[in-house]
Structures are given as C-alpha cells and as structure tokens.
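[1] Pasting the sequence and the predicted coordinates here, then a few questions.
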Amino acid sequence: MTVKQSVAWQALEAHLQKDIVPYSLKQLFNGAGAQRFGDLSITTQGLLLDLSKQKLTPETLHLLIDLAQQQGLAQATKKLYSGGKVNRSELRPALHTALRAASSDQYSAVQIDGQYVNQLVDENLLDMERIASKIQRGEWLGYSGQPITTVVNIGVGGSDIGPHMVCHALAEFRVETKFPLDVMFVSSMDGSQLAEMLQHLDQGSTLFIIASKTFTTVDTLANAETARAWLRKKIPSDSLIGQHHIVGCSAFPERMAAWGIPSENQIALWDWVGGRYSLWSGIGLPIAIKLGMASFKQLLKGAHAMDEHFQNAKLHENLPVMLALTGIWNINFLGLKAHTILPYDGRLKLLPNYLSQLEMESNGKSVTNAGEKVDFDTSPVIWGDVGANAQHAFFQLLHQGTPAYYADFIVPVKRTASKEYTNATRVQLEYQQALNLANCIAQSRVLMLGDDVLNWEQSIAASPDRLYPGNHPSSTLMFDELTPESLGLLIALYEHKVFVQAVVWDINPFDQWGVELGKQIAKSTLSAIQKRQAGATSAEGAEFDASTEGLLNHMFKHHY
C-alpha cells in the first residue's frame, strides 16, 4: 500500500472536494479577509515565505502536517542528521549537513568507516583554504614561473552546476587578489566550451580543477584529456603539468594519482556526499578561489542556520516543511505537473537550472523504498529564468496558456549599490530595484486574480483574446539582501524541501539510477562508431534498432 491509500491522504482528498474545489483563489481571499496573509506566511532567518496565493487554507496545511507526521518525518530527519543510511539503494548516509556544521558538536560522535565526520570536514576546509589562498596571493606558479591568473573548473552535473551558480550569483563579493583572476566553468561533453575557451588562455598561467566524485565520469575526463593535450603543447612533462596546472577533487585519490595529480593537489570527497549536494564540499573550491574562504564560510553559515531551523522548528513554522507540503498539495491534489522558478534578480539567473537538477534528479522516481510502483506523481517538471526577462518570454503561457503549473517568486528586498558609484547612479539603481519589486509582486497578483485586478469585463467581452483567467497558485520568497549567507539559507531551504517530499512519497532522493543506463548504452554506441571508423561496414555483433542503425548510417554517409 502506498501513501495514497493512507488515512491522512484520504482526509486531504475529502478536504479538497469540500473546501477547495468550489472556490477560486479570489474567493479564498475574500472569505479569509485581511488575515489570510498573516495565517499563511512565515518569517525566519531573514526569509519570508508567503503561501497566501496558494490554493489552500490553514486547514489544508494542518492536514498536510498530519500527512508528514504519518509518514515519519521526525524520525527520517533524525536519521538524516545522525548519519543513518538514508540512501537505501546504495546503503549510504547523506551527510551534506555536516559539511556546513562549522565543527559543531552535533557531528563529533558521527563516524564513517572509523573516521569522525567533523574532523574530515575540518581538514578538507583547511586544504581548500591552502590552495585558494595560494592562488589569490599570486603564489601558485605555473611551470614557467608565471602566477596562475585563470582557473577552469571541469565538471558536470553537481560538480559544475552548484559552484557555477554560486560564483555567478555572488560575483560582486569576489576577493581581492594580487593579480586579476578569472574563474571559468566547462561541462559540455562535445568540447565546444573548452575549445573556444582555450583559444584565449595561456598554458603558463592556467590551472584546471578536475571535479568528479568517481573520477570516471566520461564527460569530465574527456574535457580533462583535451585540457592536458593543450597543456602538453608548451609544457615539457606530465609531471610539471600535474604539479603546476591540475587540481583534482574526488572520492578516489588513487584514481587522481594514476591520472597524474600529486597528493598535495588533491581535495578529498566522500561517498556520503551526493553530487547535487556537493557545492558545500571540496567541489566548492572554485567558490573559495573566486570569493575567498571567508565568503565560502559565510555560505556554509547560512546553510547551517537553515539546517538548524529545519531540525528544530515546529512543523507549522518550518519553512522547508511548509514549502514541501505546499508542493505536494499542488502536485498530488491539484494535479499541477509543472513548477516554474522565477528569481527577480539577475544574479540568480542560474538558480532555476540548479534547482531543476536538485529536485528532478532527487525526486524523479517512480518506485517507493519498498520497491512498489507509485500510483501518484512525484517531482514536477521544473524550469524558470530571471523573472523580469521571463515576463517578455514564457509569461505569455503563464497568463494565457493552457498548461497547469505553480510558481515560486524569489526576490531580495534591497540591492546595495557599491560605494564606488556616484550618487546619481545609486539613486537610479534604487529606482530600478523598486521597479523590480513592483513587477515581482504585480506578476504574482495577476497570476492569482487575472482580469479582476483591473476589472476589465467590458474590454474582455469585446476582445476575448485579452482574457487573463488567473487562479494560478504561487509562493513568494523574500529575503533582505543577496549575500553569501542568505544564498546559503536559500539553497539549504530547497534541499530540505526535496527531502521532506521524498519522505512523504516514501522514495529515495539520494540516488540517481535514472542517469546510468544512458551512459552504458552510449559506451556500446561509441564502440560501434569506432569500429566503423576502423573499417567495419556495420556495427558488427551489435543489435541496434532501426532508428539507431539509420542514424549511424547517416553519420558515415555524410563523411563523419
């Protein structure tokens, strides 16, 4: 029996039909009066979560909390924090919370393979600081004695998306360095990103970070081999390349060593850190290099504050829990299969992409922990963009299209202008932030009320193509200002939201077997291509479908 047959789920179904389906969002607001915002918003840690524009009532949230309690959320949370094997398919803990605990006593007794987790994390932070500080001071020299002025992170998935997002979001917090320092990211398997980048770089002043948990990821190692081949054009030996121009981050030091990375250039990772939860670990080295270790620790501090809140706050005051349960309500009871993330801040442009991996790779599952096929939807399709840009793109679909969805609006209240700006520029930037906030608030209001915002009945009668139906649910997350600490809070909020939903659905959010089969089939397909390159007339012995065979034939017919 899945959760769908449970008492708490059935109570929510009955509540839906009786108290929600008959009413629009406008009617729910009119019925609750001015207290709806007070009843359905939560403020903590400098974050405001407004759920009042969601199609629910306080009673809905009470029933959703009953569902979470029925599914053992408290016990699951305790297991998560104590190092229990919450990753059931791989029999591993998921201790990303320990990465940002700042030597907290909470993890002083937690051991993995006989090693204390907090000691491992502390040593890792020291290694990161050693490497980052040396680069920032201009003391990390290339083979010819030039200081390193370009760092290129080679990774994919969690080894790319997380640190790239943070570096982009917090670029204005970059640390002062002795020489101008660029931090770049490469993830494309086809080599296009790297090929373009290498045209503008110098071997003597470029350092590559090879970030791969297993150090077997084909995408990453293909780019790493291309980078090494480029370095070999000027650098006389692989030992000089490894010593001066390569840093590795992996859970397999022996594989890094075999690739030619000396131990002093290695950053440890562990199998109890999932890829999409790894920006807090050595995978975050590009963040430490670009922003400085002090800012990286502020990022950790913000995430740790959210960890403490999630672990200790009452469920009805708990931001990750409320955000998660609202999502379950939208997905499983209102039937909304798409979720758009709308940050109203250009610095958060990469956040929707980061959250799409976090949520869809974690909860894109169709089998429960007991191996039973689910009979309900799990993760929605997630997409998004900077809200002000999206208004001129896919907001047309949001306002007048047919797909059913829900939205998260994310916005800082203020944007602090640099002291280097003139007063006139500062005034203009303050106006632009007010304009930005006005658009964020207005768009969520129009999604909720539609034409009723301006009472356009007469014009709609004459021009039905101008109809705004409204009644689209959304949440709004407001925070004071974008800083390393507030970004840490925000990311950890969504991490815990994903965990709560997985507990309710009884699925494993910490594995990702869905990405493995495609990789395996790609290997056999590559083998077939290589055989044909060597002169074979067909995929000797390979059994391909007609489409695959046709595509391979087309490749070689057109002089591949």
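    Nice, thanks for sending it over.

[2] Would you confirm that Gly260 contacts Ser239?
    Yes: using CB atoms under 8 Å as the test, Gly260 is close enough to Ser239 to be in contact (7.4 Å). All C-beta atoms are positioned from the backbone trio N, CA, C, and that covers glycine.

[3] Could you check which of those two is surrounded by more residues?
    Set Gly260 next to Ser239 and count neighbours by other CB atoms under 10 Å: Gly260 wins out with 16 against 12.

[4] Not counting residues beside it along the chain, what's closest to that one?
    Computed as CB to CB, 6 or more residues apart in numbering, the closest residue to Gly260 that is not its neighbour in sequence is Gly242, at 4.1 Å.

[5] so how far is Met128 from that neighbour?
    The gap separating Gly242 from Met128 is 19 Å, by CB to CB, to the nearest Å.

[6] do the same with Arg232
    From Arg232 over to Met128 the distance is 28 Å, taken as CB to CB.

[7] if we can go back for a sec, kindly format the C-alpha coordinates of the one helix or strand the residue nearest to Gly260 maps to as CSV.
    Using DSSP states H and E, Gly242 maps to helix 238-245. C-alpha atoms of helix 238-245 as CSV (Å, rounded to 0.1, in the frame of the first residue of the first chain):
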residue,chain,number,x,y,z
ASP,A,238,53.3,15.5,-17.5
SER,A,239,54.8,15.8,-14.0
LEU,A,240,55.1,19.6,-14.4
ILE,A,241,51.5,19.6,-15.7
GLY,A,242,50.3,17.7,-12.7
GLN,A,243,52.3,19.7,-10.2
HIS,A,244,51.6,23.2,-11.5
HIS,A,245,48.4,23.1,-13.6
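
[8] now the residue most central in space within the chain, nearest residue through space, not along the chain?
    Taking CA atoms, centre = their mean, the centroid of the chain lies closest to Tyr354, which sits 2.9 Å from it. The shortest distance from Tyr354 to any residue other than its chain neighbours is 4.4 Å, reached at Met165 (CB to CB, 6+ apart).

[9] Which residue of Arg232 and Met128 possesses the greater neighbour count?
    Shown here are Arg232 and Met128; by other CB under 10 Å, Met128 has more neighbours (21 against 14).

[10] What are the buried residues along stretch 299-313?
    Across stretch 299-313, burial judged by 16 or more other CB atoms under 10 Å covers 299-300, 302-311, 313.

[11] where along the stretch 251-400 of the chain do the strands fall?
    For the stretch 251-400 of the chain, applying DSSP state E, counting those that start in this stretch gives strands covering 266-268, 338-343, 381-384.

[12] which of those strands is buried the deepest?
    Most buried of the strands of the stretch 251-400 of the chain, by mean neighbour count (mean count of other CB atoms under 10 Å): strand 338-343, with a mean of 24.

[13] so what does it touch, helix or strand wise?
    If contacts are counted by 3 or more CB pairs under 8 Å, 6 or more residues apart in numbering; DSSP states H and E, strand 338-343 sits against helix 351-363, strand 381-384, helix 387-390, strand 406-412.

[14] Using TSV, please lay out those together with mean pLDDT and distance to Tyr468.
    Putting these into TSV (pLDDT from 0 to 100; distance: least, CB to CB, whole Å) gives the following:
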stretch	mean pLDDT	distance to Tyr468
helix 351-363	97	24
strand 381-384	98	21
helix 387-390	96	16
strand 406-412	98	15
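
[15] can you give me the mean pLDDT across stretch 426-433?
    Average pLDDT, stretch 426-433: 87.

[16] Then stretch 126-137?
    Mean predicted lDDT for stretch 126-137 stands at 98.

[17] can you check stretch 220-233 too?
    Mean pLDDT, stretch 220-233: 97.

[18] buried ones in it?
    Using 16+ other CB under 10 Å as the test for burial, stretch 220-233 gives 220-224, 226-228, 230-231.

[19] hey, where'd the helices end up in the stretch 101-250 of the chain?
    Counting by DSSP state H, counting those that start in this stretch, one finds helices in the stretch 101-250 of the chain at the ranges 117-136, 161-169, 192-198, 218-232, 238-245.

[20] quick check: angle from the last one to helix 218-232?
    Using axes from the mean of the first three to the mean of the last three CA atoms, to 10 degrees, one finds that helix 238-245 and helix 218-232 are set 100 degrees apart in direction.

[21] who's in contact with helix 238-245?
    140-143, 203, 206-208, 228, 231-232, 235, 260-262, 265 (CB atoms under 8 Å, 6 or more residues apart in numbering).

[22] mind redoing it with 10 Å?
    140-146, 148, 152, 203-208, 227-228, 231-232, 234-235, 237, 246, 248, 256-257, 259-262, 264-265 (CB atoms under 10 Å, 6 or more residues apart in numbering).

[23] that older thread, adding distance to Lys373, write the buried residues of stretch 220-233 out as TSV.
    Converted to TSV, these look like this (distance: CB to CB, whole Å):
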residue	distance to Lys373
Thr220	34
Leu221	36
Ala222	36
Asn223	38
Ala224	40
Thr226	43
Ala227	44
Arg228	46
Trp230	49
Leu231	50
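
[24] quick one: which of those is nearest Lys365?
    Thr220 (25.0 Å; CB to CB).

[25] what about the nearest residue to the closest one once chain neighbours are set aside, how many residues close to it?
    Of all residues not flanking Thr220 in the chain, Ser212 sits nearest, at 4.5 Å (CB to CB, 6+ apart). When neighbours are defined as other CB under 10 Å, Ser212 has 28 of them.

[26] Put together JSON lines for the strands of the stretch 251-400 of the chain, with distance to Asp105 on each row.
    Output for the strands of the stretch 251-400 of the chain, formatted as JSON lines (distance: least, CB to CB, whole Å):
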{"stretch": "strand 266-268", "distance to Asp105": "22"}
{"stretch": "strand 338-343", "distance to Asp105": "35"}
{"stretch": "strand 381-384", "distance to Asp105": "36"}
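
[27] out of these, nearest to Ala11?
    strand 338-343 (24.4 Å).

[28] tell me the mean pLDDT for that closest one?
    pLDDT averaged over strand 338-343 gives 98.

[29] Can you show me the CA trace of it as CSV?
    The C-alpha trace of strand 338-343 is given here as CSV (Å, rounded to 0.1, in the frame of the first residue of the first chain):
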residue,chain,number,x,y,z
ALA,A,338,4.9,21.9,-13.8
HIS,A,339,6.7,24.2,-11.5
THR,A,340,8.4,27.5,-12.6
ILE,A,341,11.2,29.2,-10.6
LEU,A,342,11.2,33.0,-11.0
PRO,A,343,14.1,34.8,-9.3
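
[30] the inter-axis angle of it versus strand 406-412?
    10 degrees.

[31] Arg130 against Glu264, yeah?
    Yes: contact criterion CB atoms under 10 Å: Arg130 and Glu264 qualify, at 8.8 Å.

[32] Which helix runs longest in this structure?
    Using DSSP state H to define each element, the chain has its longest helix at helix 423-449.

[33] tell me which residues in that one are buried?
    433, 436-437, 439-441, 443-444, 446-449.

[34] could the residues you listed go into JSON lines alongside distance to Val3?
    Putting these into JSON lines (distance: CB to CB, whole Å) gives the following:
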{"residue": "Gln433", "distance to Val3": "43"}
{"residue": "Asn436", "distance to Val3": "40"}
{"residue": "Leu437", "distance to Val3": "39"}
{"residue": "Asn439", "distance to Val3": "39"}
{"residue": "Cys440", "distance to Val3": "35"}
{"residue": "Ile441", "distance to Val3": "35"}
{"residue": "Gln443", "distance to Val3": "34"}
{"residue": "Ser444", "distance to Val3": "30"}
{"residue": "Val446", "distance to Val3": "35"}
{"residue": "Leu447", "distance to Val3": "29"}
{"residue": "Met448", "distance to Val3": "29"}
{"residue": "Leu449", "distance to Val3": "33"}
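
[35] so which of those comes closest to Leu56?
    Closest to Leu56, out of all of the buried residues of helix 423-449 and judged by CB to CB, is Met448, at 12.7 Å.

[36] Distance-wise, check that closest one relative to Lys4.
    In terms of CB to CB, Met448 sits 29 Å off from Lys4.
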